[in-house]
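> Give me a model of this one.
(chains A, B and C)
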Amino acid sequence: MDNHKSQKSFVADGNHCSCDCSSLHTILAKYDNDSSRLMDILIAVQEKAGCIQEKAVKEIAKALNLSKVDVEQTLSFYHFFSDGAKADYAVYLNDSVVAEMMGREDIAKTFEEEVGVTFGKISEDGKIGLFNTSCIGMNDQEPAAIINQRVFTKLTPEKVRKIVIEMKNGKSIDDIVGSNVENNIKKQGPILTKDIEVGEGLKKAVEMKPETLIEEVRQSNLRGRGGAGFPTAMKWKFCREAAGDKHFVMCNADEGEPGTFKDRVILTERPEMVFEGMAIAGYAIGAEEGILYLRYEYKYMQSFLENVLQEMRSKKLLGENIFGKFNFDIRIQFGGGAYVCGEESALIESAEGKRGEPRDRPPFPVVKGYMQQPTSVNNVETLSAVVKIINKGAKWYRSLGTIDSTGTKLMSISGDCEKPGVYEMEWGFTVNDILQMVGAKDVQAVQIGGPSGNCVNPAQFNRKVAYEDLSTGGAIIIIGKERDLLKDVVLNFTNFFIEESCGSCVPCRAMTVQYRNRLEKILRGNGVAKDIEAMLEWEKVMKTNRCGLGHSAANPILTTIQNFRELYDAKLQKDTDYVSEFNLEAAVQESCKAAGRQPNLGGE
Amino acid sequence: MSKPVVATTSLAGCFGCHMSLLDIDERILDLIELVEFNKSPIDDIKTFTKECDIGIIEGGCCNSENVHVLKEFRKHCKTLVVIGECGRTGGLPAMRNNNASITECLEEAYLNCVSVQANDEKIIPNDDELPMILDRVYPCNEVVKIDYFLPGCAPRADLIWNALVALVTGDEMNLPYEVVKYD
Amino acid sequence: MSMVIITINGKEFSAKTGEMVVDVARKNGIYIPTLCNMEGVIPQGSCRICTCLIDGRTMAACTTPVSHRMNVETNNAELEKIRTTIVELLFAEGNHYCPTCERSGNCDLQALAYRFNVLVSQFKQIFPTRNVDAKNPKILIDHNRCIQCKRCIRRMGGSGKPAWFSFKDRGHKVKVNIDHELTADFTDEMAQKAMDTCPVGAILKKEKGFDVPIGRRKYDTEPIGTEIEKEGAKL
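Numbering: from 1, shown residues only, chains lettered A, B, ... in the order given. Okay, the predicted model is just below:
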């Protein structure tokens, strides 16, 4: 796939951009020449200079006592970093499934016409670069793009024309009209409802012994809301009991699963609750430091969140001697654009300034996590729920939802429906309930849990959304009858996984490509029954991958073979087990042109 | 009962696989007892004169002639056996696949290479009688269905022998470790 | 260091805690096919060829430490199919022209394909465009043959020190990146070590190759793993 999502393939224009030495040294000094802060350093240089050129790479390497290739391995991993040319305005247009559904094609075309270059390129004057990017967490307001860390949503061709004119005029990104993110909370439940004062949960928490606190969370049956569903209390218990010089709390706000945006909404609407939850987790496991790992797509929230942290510090809810009991503070760590960093050990690697490659386990992060110290990585929503659980009690929480899935779940709902947005629901609702609630008609399929989840058919719409049935981190994408499910959805998702694989495990790196190739063969009408059998068989190989991304990277294909077999069968050639895709006319075209002769295809 | 009929050809190969076939030494006499040869460089029969049971292919497809012959083989042979790396994977000729476009290859070969001495008119051969060169070298199974592959560069004579005998007699193929090699 | 008892293929063995399954198996004459793993080098678990059934789950034997009463099944038809498929994936992913390769006959990837009796890969070759890097005075890096096992990254250059080799990019574009400045004064020994570290023909010592005739190379007559299995037969 040559659908470049990065700027990296461009040849550096020697004079065009550079981060001058004095600002580079200021940046390096700000992070104490600490190699574990390489991400922050790269982000700062990228934002200052628009790219990170070889000269800067060498300087950074020298200051951090790393080699050039050490710096390059991190730099080249994240798609918002550029080692080559820069653009004054870098337009990252989301190319996820829902963006396409909402008219991305027209938007992309308008951008290309107005800027005068195709996607993946930078205008000749170096002003505007157009790039594709994976889901940016704005599925309820697509088509959307990030331009210099600002998000522009609900784009129309007219809006695009205006934005391009303003960019050409050199207007500051903050002054360009149209940057706006809506929260779209369509259903507020007990977690989102603001019915307690900031700090009340934490106050109650520190009145308990940490063990009692963990027990209370255990009683609530709270499970990780990122998707994996690991019992939160158990994670905290393991972490607390693990020996280490320090313990760490990390909040996973890297929601990269296409279709998920609920963490963005929580962090915008209830950031204090998330930070309070982190402090409670810190008290429970014995950590004094917390890190909010925030995806780079949400960079626009930075100053807002820093202000909230500052306010909480001034209220003594963070910092030293909180309620006379413990010390705890939080810093924000940004990612650089990599879905796999949502996997907890990859997230830790990234926060340490490295490539976001998942670690081998054991040891688990609760034993050896950030800086090789016991670390509890919890999802934004999980930590929010903790605040309410401590405040209102485990019994109250258990009264919500089902026995195996207690409490509520924030659902990010998008796609072909009238009311996309965030819905806080008690666990145990059915797919049909959702469809009714969001005004979805003529539904062909519902993607539960994003691309890594399950694509269900109408006969399954009475299934329950819960850990015990259809498990999900919260992304629901509704796909209408008019869509070409295999081409518009499954192929897009498969390309997403190819793009986002870290590249470490062979099956994830190479088999995803083979899956895509086989799917494309079927879409071209050249598939045979054997191709389907092969793709099903390969699942066993995918299950050997190290991390969850690798395990689920074939799910778009596998779950649609299972639930929409007829769509595949209709495209297969029957009564044969071999179809040649060789095309003589196409194959001889170039050489005939080079030799200046007419292809003679008479005999074939 | 009539003997099984065998045809052989070398496409984008070096004839090394055919040499290896001859390397079965005195067993060639047994082979003649076992099978009858039709179109093959071994007996110099140029075109198919009857339908064959086994077609043996050496080499992949680098030009339109290769494609034509391969398709003829598929048409006239019940079973197709690819012998050697070139037919199986593209082999050495396929080293151009990942390095240069066919335009670059032709320009290098006929125009730019230091050993090009007398091509003042800057002609890349373009006579209509010449096979047309393909954009890349195709392993045989990208063009037609292949039933069996015998790897090697060239495949060991014993491998070819064992496989042929098994195909003719219907016995299980005996592939000892030492004879299945990619070089 | 405490000892544990583990069961491999129905037989009990004692092992030290912290040892990886693949090493314990090797010591006891049981061969688990590996590619990215190398004795004495920090395991990485990236090729997944050593996947075994460990307590009923498919796990990489090179990164799974033993635990008391662990039950390991190193081979069955399904595991062999998985391993074979991974080998086929690697052949399709890179540009592997065995007849031209200096490592042919001594190549672990090729040897695994021989062991699994791969006559043809089930995958169409991708023929990616990759380059050959000959900038270093002592070694040559042929990215066409690289399988991204990270052995060079892990073994060459000390841990904690600036890296000589590292990855660049991600996903199917990932490649090994060599620090030309730090490796400019490579000695012959280092070049040899780098070449020996590479399981395939991606890192070659310059001016060396094809020095063992066909028939006498490492994997010409016996499958990879035979040494270990012979030891096992003696036990």
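> hey, let's count contacts and neighbours off CA atoms from now on
Noted.
> what about the closest residue to chain C within the stretch 451-600 of chain A, neighbour count?
Residue nearest to chain C within the stretch 451-600 of chain A: residue A:503 (3.7 Å; Cα to the nearest Cα). By other Cα atoms under 10 Å in any protein chain shown, the residues close to residue A:503 number 26.
> you'd agree it is in a strand?
No: going by DSSP: H, G, I helix; E, B strand; the rest coil, the assignment for residue A:503 is coil, not a strand.
> Return the distance of it relative to residue C:36.
Residue A:503 is 14 Å from residue C:36, where distance means Cα to Cα, to the nearest Å.
> And residue A:499, by the same measure?
23 Å.
> For the most centrally placed residue in chain B, give me the pLDDT.
Computing the C-alpha centroid of chain B and ranking residues by Cα atoms, centre = their mean puts residue B:58 first, at 1.7 Å. As predicted, residue B:58 sits at a pLDDT of 98.
> got a list of what the residue nearest in space to the middle of chain A touches?
The centroid of chain A falls nearest to residue A:256 when counting by Cα atoms, centre = their mean (1.0 Å). By Cα atoms under 8 Å, 6 or more residues apart in numbering or on different chains, the contact set of residue A:256 is A:135-137, A:295, A:338-340, A:342.
> Turn these into a markdown table, columns for pLDDT.
What follows is these, written out as a markdown table (pLDDT from 0 to 100):
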| residue | pLDDT |
| --- | --- |
| A:135 | 94 |
| A:136 | 95 |
| A:137 | 95 |
| A:295 | 97 |
| A:338 | 97 |
| A:339 | 96 |
| A:340 | 97 |
| A:342 | 96 |
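> Closest one of those to residue C:214?
Using Cα to Cα, residue A:340 comes nearest to residue C:214 of the contacts of residue A:256, at 44.7 Å.
> Surely the closest one is in a helix?
Yes: counting by three-state DSSP, residue A:340 is part of a helix.
> Surely it is in contact with residue A:350?
No: using Cα atoms under 8 Å, residue A:340 makes no contact with residue A:350, being 10.0 Å away.
> higher neighbour count, those two?
Set residue A:340 next to residue A:350 and count neighbours by other Cα under 10 Å: residue A:350 wins out with 30 against 26.
> ok, and the closest non-adjacent residue to the more buried one?
residue A:356 (4.8 Å; Cα to Cα, 6 or more residues apart in numbering or on different chains).
> From residue A:482, how far off is the one you found?
With Cα to Cα as the criterion, residue A:356 and residue A:482 are 38 Å apart.
> next one: residue B:141
37 Å.
> swap in residue C:135?
Counting by Cα to Cα, the gap from residue C:135 to residue A:482 is 55 Å.
> cool, and residue C:131?
Distance from residue C:131 to residue A:482, by Cα to Cα: 45 Å.
> Could you check which of the two is surrounded by more residues?
Neighbour count, other Cα under 10 Å: between residue C:131 and residue A:482, residue C:131 has more, with 13 against 10.
> how about the nearest residue to that one, chain neighbours excluded?
residue C:143 (5.7 Å).
> do residue A:395 as well
residue A:220 (6.5 Å).
> Equivalent analysis for residue C:179, please.
Residue C:179 sits nearest to residue C:164 (Cα to Cα, 6+ apart), 5.1 Å away.
> neighbours of the one you found, just the number please.
Neighbour tally, residue C:164, other Cα under 10 Å: 24.
> could you pull out the helices for chain C?
Remark: helices assigned in chain C by DSSP state H are C:21-27, C:77-93, C:108-115, C:151-155, C:188-197, C:226-234.
> To chain A, which of those lies closest?
Once the helices of chain C are compared by Cα to the nearest Cα, helix C:77-93 is nearest, at 5.4 Å.
> Can you read off the pLDDT for the residue nearest to residue C:179?
94.
> Surely it and residue A:67 touch.
Yes: Residue C:164 is within contact range of residue A:67, at 7.2 Å (criterion: Cα under 8 Å).
> Mutual contacts of these two, please.
Common contacts of residue C:164 and residue A:67 (Cα under 8 Å, 6+ apart): C:179, C:182.
> Compute the first-to-last residue distance for stretch A:402-419.
26 Å.
> Could I get the average pLDDT for it?
Here the average pLDDT along stretch A:402-419 is 96.
> From chain A, how far off is the most centrally placed residue in chain C?
With distances taken as Cα atoms, centre = their mean, residue C:35 lies nearest the centre of chain C, 2.1 Å away. Separation of residue C:35 from chain A (Cα to the nearest Cα, to the nearest Å) stands at 11 Å.
> which ones are touching that residue?
Residue C:35 is in contact with C:47, C:49-50, C:108-109, C:149, C:199, counting by Cα under 8 Å, 6+ apart.
> In ChimeraX, how would I select the buried members of these?
Here is the ChimeraX command that selects the buried residues among the contacts of residue C:35 (16 or more other Cα atoms under 10 Å in any protein chain shown):
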select /C:47,49,50,108,109,149,199
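> The contacts of residue C:35: which two are farthest apart?
Greatest spatial distance in the contacts of residue C:35: C:50 and C:199, 14.9 Å, computed using Cα to Cα.
> and residue C:87, how many neighbours does it have?
25.
> Now for the closest residue to residue A:210 other than its chain neighbours, how many residues are close by?
Spatial nearest neighbour of residue A:210, chain neighbours left out: residue A:284 (4.6 Å); criterion: Cα to Cα, 6+ apart. Residues lying near residue A:284 (other Cα under 10 Å) number 24.
> Surely residue A:284 and residue A:213 touch.
Yes: contact status for residue A:284 versus residue A:213: in contact at 6.6 Å, counting by Cα under 8 Å.
> Up against chain C, what does chain B have?
Counting by Cα under 8 Å from any Cα of the partner chain, chain B comes close to chain C at B:88-89, B:91-92, B:95, B:97-99, B:142, B:149-151, B:153, B:177-178, B:180-183.
> which of those residues count as buried?
Buried among those by 16+ other Cα under 10 Å: B:88-89, B:91-92, B:95, B:97-99, B:142, B:149-151, B:153, B:178, B:180-183.
> Keep only those residues that also lie close to chain A.
Restricting these to those near chain A - Cα under 8 Å from any Cα - leaves residue B:142.
> Please identify which of the contacts of residue C:35 is nearest to chain A.
Closest to chain A, out of all of those and judged by Cα to the nearest Cα, is residue C:47, at 5.2 Å.
> Name the residues that touch the helix or strand hosting residue A:558?
According to DSSP states H and E, residue A:558 maps onto helix A:555-563. Here helix A:555-563 makes contact (Cα under 8 Å, 6+ apart) with A:451-457, A:490, A:493-494, A:515, A:532, A:535-536, A:539, A:568.
> Return the set of buried residues in that helix.
By 16+ other Cα under 10 Å, the buried positions in helix A:555-563 come out as A:555-561, A:563.
> okay, the contacts of residue C:35 in TSV with pLDDT and distance to residue B:165 next?
As requested, the contacts of residue C:35 are exported to TSV (pLDDT from 0 to 100; distance: Cα to Cα, whole Å):
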residue	pLDDT	distance to residue B:165
C:47	97	38
C:49	98	35
C:50	98	36
C:108	98	31
C:109	98	30
C:149	97	41
C:199	98	36
